[in-house]
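Visitor: Just need the structure, nothing else, for what follows:
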Amino acid sequence: MQLHRTLTDLSTADHAAIARGAVSIGNFDGVHRGHARIVDQLLASAQQVGGPAVVFTFDPHPVRLLRPDLAPPPLTWTDRKAELLAELGVDAMIAYPTDEQLLSLTPEEFFDRIIRQQLDAQAMVEGPNFFFGRDRAGDIQKLRDLCQQAEIALQIVEPLQAGGADEFVSSSRIRKLVAAGDVDAAREMLTQPYRLRGMVTHGAARGGKIGFPTANIDAIDTIMPGMGVYAGRAHVTRDDSTWPAAINIGPSPTFGEDAVRVEVHLIGFSGSLYGEPLEVDFLARLRDIHPFPSVIELQQQLARDVARAKSIAASP
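Guide: Below is the predicted model of the structure:
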């Protein structure tokens, strides 16, 4: 799968790999099951026109430039989004650099410059709530008209329901679930468990003293799950290894600390990770955080947490 961060200065081979195929434009944050439905149609459309399946995203999301105060923390970073889309079968992802020039394009200019000239798309796949162009002036009907004029096939994919008749899988809904700590429900809507990344920094080193050493993660650039203890998997970047993990997000009330930390106990791992990146999948929420009457009782509970986390991480 190819990841491109520009459409200019591409080699002939790179341009050929993204041109004359099927294109879907959107943020694709989290790459959830609703996105997977769009990708399924994208692959079918690409096969029909005999070209690549291409996802066109924006980096950063336009709202971060237009209304940064309203921009929610993302569910995925760009490289992770590309990995998830590749697993679904997408041939190429374009993380197009968002700037004032791009945001100033009218729907017609955006369609002509990006869709026709730079991508030479033969098919498009979008959801019914698609908007494009300056001030989001272009809607799905405008796209339908432009595609018809350009003889580009357009497929509209309806949102995926989850729950009641008016409840759909969406990135905003998943963000709320993750922020509330309901990673179990979020996992049902995502194509892969929710993952965050950060850098391992020095903490109080208290975990090691009571038998459960932890990697303290900082510089997290995606949404933070609500406070609690979780089962997960930790991915060590330096050797591409994966470890079952028990994750604590919150303070250490047993020791009288109020600072919220992200602490990851890699089950079975030994060694130092200080100064290294770490990625963590959240598989299930185990319990709330609360103070224990003694350190011994805390240790006993941590042992139970680790056993449960190891069992959950071992399941498919």
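Visitor: Buried residues of the lengthiest helix in the chain, list them for me.
Guide: If you go by DSSP state H, the chain has its longest helix at helix 295-314. Within helix 295-314, the residues scored as buried using 16 or more other C-beta atoms under 10 Å are 298, 301-302, 305-306, 308-310, 312-313. Bear in mind the C-beta positions are built from the backbone N, C-alpha and C, glycine included.
Visitor: if I look at the residue nearest in space to the middle of the chain, how far off is E158?
Guide: With distances taken as C-alpha atoms, centre = their mean, T76 lies nearest the centre of the chain, 2.5 Å away. Computed with C-beta to C-beta, to the nearest Å, the distance linking T76 and E158 is 23 Å.
Visitor: so where do the helices sit in the chain?
Guide: For the chain, the helices defined by DSSP H cover 12-18, 33-49, 63-66, 78-88, 100-103, 107-110, 140-150, 171-179, 183-189, 206-209, 295-314.
Visitor: Which strands and helices lie in contact with the first one?
Guide: Translated: helix 12-18. For helix 12-18, the packing partners by 3 or more C-beta pairs under 8 Å, 6 or more residues apart in numbering; DSSP states H and E come out as strand 2-4, strand 92-97.
Visitor: and among those, the most buried is which?
Guide: Ranked by mean neighbour count under mean count of other C-beta atoms under 10 Å, the helices and strands packed on helix 12-18 are led by strand 92-97, which reaches a mean of 20.
Visitor: List the neighbouring strands of that strand plus their orientation.
Guide: Strand 92-97 has the following sheet partners, assigned by DSSP bridges: strand 2-4 (parallel), strand 53-59 (parallel).
Visitor: Same list (those) but as JSON lines, adding mean pLDDT and distance to T98.
Guide: Shown next, in JSON lines, are these (pLDDT from 0 to 100; distance: least, C-beta to C-beta, whole Å):
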{"stretch": "strand 2-4", "mean pLDDT": "92", "distance to T98": "14"}
{"stretch": "strand 53-59", "mean pLDDT": "95", "distance to T98": "5"}
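Visitor: Figure out which of these is closest to G133.
Guide: strand 53-59 (12.7 Å; C-beta to C-beta).
Visitor: Next, the angle helix 33-49 makes with the closest one.
Guide: Computed by axes from the mean of the first three to the mean of the last three C-alpha atoms, to 10 degrees, the angle separating strand 53-59 from helix 33-49 equals 130 degrees.
Visitor: got the contact list for strand 53-59?
Guide: Strand 53-59 has contacts (C-beta atoms under 8 Å, 6 or more residues apart in numbering) with 5, 18, 21-28, 39, 42-43, 45-46, 78, 81, 85, 89-98, 102, 114, 119, 121.
Visitor: quick one: least confident helix or strand in the protein?
Guide: helix 206-209 (a mean of 63; mean pLDDT, DSSP states H and E).
Visitor: sorry, back to before: show me which of the contacts of strand 53-59 are buried.
Guide: Buried, going by 16+ other C-beta under 10 Å: 18, 21-28, 39, 42-43, 45-46, 81, 85, 90-96, 98, 102, 114, 119, 121, out of the contacts of strand 53-59.
Visitor: Was I right to think S172 contacts P74?
Guide: No. With contacts counted by C-beta atoms under 8 Å, S172 stays clear of P74, the gap being 11.4 Å.
Visitor: Who has more neighbours out of these two?
Guide: With neighbours defined as other C-beta atoms under 10 Å, S172 and P74 compare such that P74 has more, 20 against 10.
Visitor: Check what pLDDT that one gets.
Guide: pLDDT, P74: 94.
Visitor: What residues does it make contact with?
Guide: P74 touches 29, 61, 221-223, counting by C-beta under 8 Å, 6+ apart.
Visitor: so can I have JSON lines of the residues you listed showing neighbour count and distance to D139?
Guide: Formatted as JSON lines, the contacts of P74 follow (neighbours: other C-beta atoms under 10 Å; distance: C-beta to C-beta, whole Å):
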{"residue": "D29", "neighbour count": "23", "distance to D139": "20"}
{"residue": "H61", "neighbour count": "15", "distance to D139": "19"}
{"residue": "D221", "neighbour count": "10", "distance to D139": "31"}
{"residue": "T222", "neighbour count": "20", "distance to D139": "29"}
{"residue": "I223", "neighbour count": "20", "distance to D139": "28"}
